[in-house]
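# Pasted the sequence and its predicted model underneath.
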Amino acid sequence: MRRRRIAFFMPALGCARRCVYCDQNVITRDAVGHSAAVTPGRVRRGVSEAGEPVELCFFGGSFARTDISLMTEYLDAVKSAPEGSAVTFSSYPGDFDGPRGLEITDILKKYPIGTIELGVPSLDPKVLSACRRDDDADMAVRAAERLRDAGFHIGVQMMTCLPRQTGESVLRDVRTLAGIMPPRGGWDFRLYPCLVIKGTELEAMFKRGEYVPPELKEAVFTAGAVLLEAETRGFNVIRVGLTESESLRRSIAAGPYHPAFGELAMSEKQALSLSRASPRGPWSISRRDLSKLTGHGGRGIRRLSELTGMTRDDVRKQIHLEKNATLHYNCSEEGSDGNEREDFSDNCGPRAVGVPCAAFGRGDNRGDGAQGVEPGGPHRRDGASAAHDRA
């Protein structure tokens with residue numbers, strides 16, 4: 001059931017400590033603005049004005065780690081919403097571990113819970129220690145299993161580019177979590193690149209030379225591989241990258257930032273998927289997926305060429321649009337030396353016979369901000385993924 005989302009951002013709510021990469025106040029500032037504190041009364045007023053079922057969302061901290069009486073006050077607000085409404089929130093996995101976790105789980109069973117999003121940036125002990133997380137891999141797995149067995153729908157919020165993290169360790173994490181998904185699969189999946197935010201401990205580590213963020217190209221390669229692994233194993237990818245905002249741009253000290261990181265990662269995923277399915281083509285592409293290959297100066301075309309060893313012209317000849325639309329590529333990006341270069345701009349784009357311009361560049365798969373992309377389409381757009389909304 002699709003519901004309109006009403007999101008409330010509560011930066012660092014319930015967080016016992018600050019992870020080295022995190023500054024919720026900076027990253028959610030544009031979403032929160034200068035509004036009053038998010039009180040249960042304010043939430044009730046907000047949902048009571050809805051004329052249709054809504055998804056009441058609490059993001060920005062660890063919702064289930066708050067005082068139980070306060071948590072139930074927030075949950076009770078859904079009773080003021082139209083029938084059919086539900087609650088979604090993000091939390092640390094550890095909130096559902098041990099006796100208190102069992103108590104929290106039993107309380108949640110009394111409410112219409114849409115999704116419980118678990119912040120699982122990594123399951124690698126070295127990475128968790130470097131990031132100053134106060135949970136561990138076993139705890140995260142136990143929490144997910146407990147919520148799964150209680151019948152809740154789960155979302156996982158994972159990260160790449162973290163200190164001491166490798167691309168292979170992220171892939172292992174995806175496989176581990178996929179192994180405890182119900183047979184029907186379908187857990188939600190969000191992926192965020194770690195950025196160095198000013199004022200965080202990670203910035204201090206960066207300045208001391210203790211953390212070296214990957215280059216943008218490397219980060220895109222990793223994200224694409226992780227997305228393909230997640231989708232292949234049954235996850236429902238609902239967001240890639242951080243929501244673009246002025247606050248985010250001003251706050252970045254270093255890291256693989258790009259205003260369209262989500263689009264680049266989805267392009268990489270598409271190229272990997274096609275090359276593995278048929279190393280030499282032909283490839284049938286839906287209109288919805290076309291921009292993943294042709295956007296940003298034909299990045300996906302170039303990547304398919306690299307992966308297959310084919311020329312770009314041969315790659316283009318092997319791409320066929322569904323419903324017999326014909327692909328025409330009219331953009332050539334060259335550097336000052338006359339050689340074609342990697343392009344991450346939106347200044348040029350492809351055209352295809354019978355395909356409207358909206359299918360390209362800023363079309364089907366663009367999120368609220370270019371930095372983040374929500375593959376599920378516009379109905380998934382909640383603005384709630386503003387940067388590090390993961391727990």
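Done, it's in.
# where's Lys292 relative to Ala271, distance?
According to CB to CB, to the nearest Å, Lys292 and Ala271 sit 8 Å apart. To be clear about C-beta, it is placed using only N, CA and C from the backbone, and glycine gets the same treatment.
# list residues touching both of those two?
Counting by CB atoms under 8 Å, 6 or more residues apart in numbering, the shared contacts of Lys292 and Ala271 are Gly300.
# buried stuff in the helix of greatest length in the chain?
Counting by DSSP state H, the longest helix found in the chain is helix 290-308. By neighbour count on 16 or more other CB atoms under 10 Å, the buried set for helix 290-308 is 290-305, 307-308.
# measure Ser247 to Gly46 for me?
22 Å.
# Sorry, wrong one. I was asking about Arg172.
41 Å.
# and if you look at Ala37?
According to CB to CB, Ala37 and Gly46 sit 13 Å apart.
# who has more neighbours, Arg172 and Gly46?
Remark: of Arg172 and Gly46, Gly46 carries more neighbours, 18 against 15, as counted by other CB atoms under 10 Å.
# secondary structure class for the more buried one?
helix (DSSP: H, G, I helix; E, B strand; the rest coil).
# Give me the spatial nearest neighbour of it, chain neighbours excluded.
Ile6 (5.8 Å; CB to CB, 6 or more residues apart in numbering).
# now swap in Pro82 and tell me
Pro53 is the one closest to Pro82 (CB to CB, 6+ apart), at 5.1 Å.
# just Glu215 next, same as before
Ranked by CB to CB, 6+ apart and with sequence neighbours excluded, the top spatial neighbour of Glu215 is Pro256, at 6.7 Å.
# three-state assignment of that neighbour?
Applying three-state DSSP: Pro256 is coil.
# what about it, distance to Arg239?
17 Å.
# Look at those two and report which has more neighbours.
Arg239 (27 against 22).
# Wait, a strand at the more buried one?
Yes: Arg239 forms part of a strand when assessed by three-state DSSP.
# Am I right that it is in contact with Ala223?
No: Arg239 is beyond contact range of Ala223, at 11.8 Å (criterion: CB atoms under 8 Å).
# Common neighbours of these two, please.
Leu191.
# Could you pull out the helices in the chain for me?
Ranges of helices within the chain are 24-27, 29-32, 40-48, 68-76, 98-108, 125-130, 137-149, 167-178, 201-207, 216-232, 246-251, 261-277, 290-308, 312-317, based on DSSP H.
# Other residues contacting the fifth one?
What it means is helix 98-108. Residues contacting helix 98-108 (CB under 8 Å, 6+ apart): 64, 68, 71-72, 75, 94-96, 116, 143, 146-147, 150, 152.
# what's across from Phe8 in the sheet?
For Phe8, the beta-bridge partners are Phe58 (DSSP bridges).
# How many residues are close by it?
24.
# pLDDT score for the residue nearest to Ala271 when sequence neighbours are not counted?
Leaving aside its chain neighbours, Ala271 sits nearest to Arg303 (4.0 Å; criterion: CB to CB, 6+ apart). pLDDT for Arg303: 96.
# what does the domain assignment say about this structure?
4-257+372-380, 269-359 (automatic domain parsing).
# Pick the most buried one from those.
Ranked by mean neighbour count under mean count of other CB atoms under 10 Å, the domains of the chain are led by domain 4-257+372-380, which reaches a mean of 19.
# what distance separates that one from the centre of its chain?
Offset of domain 4-257+372-380 from its chain centre (CA atoms, centre = their mean, to the nearest Å): 9 Å.
# What's the mean pLDDT across that domain?
Here the average pLDDT along domain 4-257+372-380 is 88.
# Now do the contacts for the closest residue to Gly185 other than its chain neighbours.
Among residues not flanking Gly185 along the chain, Gly234 sits closest, at 2.8 Å (CB to CB, 6+ apart). Contacts for Gly234 were tallied using CB under 8 Å, 6+ apart; they are Ala178, Met181, Gly185, Gly186, Trp187.
# can you redo those as JSON lines with distance to Ile107?
Formatted as JSON lines, these follow (distance: CB to CB, whole Å):
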{"residue": "Ala178", "distance to Ile107": "28"}
{"residue": "Met181", "distance to Ile107": "24"}
{"residue": "Gly185", "distance to Ile107": "27"}
{"residue": "Gly186", "distance to Ile107": "24"}
{"residue": "Trp187", "distance to Ile107": "22"}
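# now, the most widely separated pair of the residues you listed?
The most widely separated members of those, counting by CB to CB, are Ala178 and Gly186 (11.2 Å).
# Could you pull out the residues contacting both of these two?
Gly234, Phe235.
# still on that earlier bit, was I right about the residue nearest to Glu215 contacting Glu218?
Yes: the criterion here is CB under 8 Å, and Pro256 meets it with Glu218 at 7.4 Å.
# Quick one: the helices of the chain as CSV, columns for distance to Pro82 too.
Formatted as CSV, the helices of the chain follow (distance: least, CB to CB, whole Å):
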stretch, distance to Pro82
helix 24-27, 30
helix 29-32, 24
helix 40-48, 8
helix 68-76, 15
helix 98-108, 21
helix 125-130, 41
helix 137-149, 26
helix 167-178, 34
helix 201-207, 42
helix 216-232, 33
helix 246-251, 32
helix 261-277, 32
helix 290-308, 36
helix 312-317, 50
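# and Val156, which of those helices is closest to it?
Using CB to CB, the helices of the chain put helix 167-178 closest to Val156, at 5.8 Å.
# which other helices and strands contact the closest one?
helix 137-149, strand 154-160, helix 216-232 (3 or more CB pairs under 8 Å, 6 or more residues apart in numbering; DSSP states H and E).
# What lies in contact with the longest one?
This means helix 216-232. 158, 160-161, 167, 170-171, 174-175, 178, 189, 191, 193, 213-214, 237, 240, 256-258, 261, 264-269, 271-273, 342, 344.
# export stretch 123-139 as PDB, just CAs?
Provided in PDB are the C-alpha atoms of stretch 123-139 (Å, rounded to 0.1, in the frame of the first residue of the first chain):
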ATOM      1  CA  LEU A 123      29.600  -5.800   9.700                       C
ATOM      2  CA  ASP A 124      33.400  -5.700   9.700                       C
ATOM      3  CA  PRO A 125      34.800  -5.500  13.200                       C
ATOM      4  CA  LYS A 126      37.800  -3.400  12.100                       C
ATOM      5  CA  VAL A 127      35.500  -0.900  10.400                       C
ATOM      6  CA  LEU A 128      33.100  -0.700  13.300                       C
ATOM      7  CA  SER A 129      35.900   0.000  15.700                       C
ATOM      8  CA  ALA A 130      37.500   2.600  13.400                       C
ATOM      9  CA  CYS A 131      34.100   4.300  13.200                       C
ATOM     10  CA  ARG A 132      33.500   4.200  16.900                       C
ATOM     11  CA  ARG A 133      30.200   2.300  16.500                       C
ATOM     12  CA  ASP A 134      28.800   0.900  19.800                       C
ATOM     13  CA  ASP A 135      27.400  -2.300  18.200                       C
ATOM     14  CA  ASP A 136      29.000  -5.300  16.500                       C
ATOM     15  CA  ALA A 137      28.300  -7.700  13.700                       C
ATOM     16  CA  ASP A 138      26.800 -10.400  15.800                       C
ATOM     17  CA  MET A 139      24.500  -7.900  17.500                       C
END
